[in-house]
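[1] any chance you could fold what I've pasted below:
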Amino acid sequence: RITRYYPSDDELLNRELCKILIYLEAPGVARKTLDLFADATTQQQKIHYALCLRTLKTGWTPALRA
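    The predicted structure follows:
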C-alpha cells in the first residue's frame, strides 16, 4: 500500500519510506531508490540511500547492479 507514495516530494518522507520498503523487500524499490540516489543533491542523501540499499537482497537485476 505504501509503495505508491514512494518517491514523494518530501525528502524526510522518502528517507523513512526507503527504510521501510527495503526492509519489506517491496517490488521495484531497488530501481526507485537508485533513481533517488542519482538525483540526490547532497552527500547526506546519497549516503542514506547507499546504506539502505546495502541490505536489499531481492529485486536486483544485472543492469541495476551495474
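
[2] where along this protein do the helices fall?
    For the chain, the helices defined by DSSP state H occupy 11-24, 29-39, 43-53, 62-65.

[3] what's the second one packed up against?
    The one in question is helix 29-39. Counting by 3 or more CB pairs under 8 Å, 6 or more residues apart in numbering; DSSP states H and E, the packing neighbours recorded for helix 29-39 are helix 11-24, helix 43-53, helix 62-65. Where you see a C-beta, it was placed from the backbone N, CA and C, and this is true even at glycine.

[4] which other helices and strands does the helix or strand of the chain with the lowest mean pLDDT contact?
    Least confident helix or strand of the chain, by mean pLDDT, DSSP states H and E, is helix 62-65 with a mean of 90. Judged by 3+ CB pairs under 8 Å, 6+ apart, helix 62-65 is in contact with helix 29-39.

[5] mind checking how far the least confident helix or strand of the chain is from the chain centre?
    Relative to its chain's centre, helix 62-65 lies at 15 Å (CA atoms, centre = their mean, to the nearest Å).

[6] contacts for that helix, please.
    30-31, 34 (CB atoms under 8 Å, 6 or more residues apart in numbering).

[7] by mean pLDDT, show me the worst of the helices of the chain.
    Lowest mean pLDDT within the helices of the chain: helix 62-65, a mean of 90.

[8] okay, buried residues for it please.
    Within helix 62-65, no residue counts as buried by 16 or more other CB atoms under 10 Å.

[9] the chain should start at 816 in everything you say after this.
    Sure, I'll start counting at 816 from here, so that last one is helix 877-880.

[10] output that helix as CSV, restricted to C-alpha atoms.
    Taking C-alpha atoms only, helix 877-880 is exported to CSV below (Å, rounded to 0.1, in the frame of the first residue of the first chain):
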residue,chain,number,x,y,z
PRO,A,877,22.3,-7.3,-13.6
ALA,A,878,21.6,-3.8,-15.0
LEU,A,879,20.7,-2.4,-11.6
ARG,A,880,23.8,-3.9,-10.0
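
[11] give me the number of residues near the closest residue to residue 870 other than its chain neighbours?
    Using CB to CB, 6 or more residues apart in numbering and skipping the chain neighbours, the partner closest in space to residue 870 is residue 837 (6.2 Å). Residue 837: 22 surrounding residues under other CB atoms under 10 Å.
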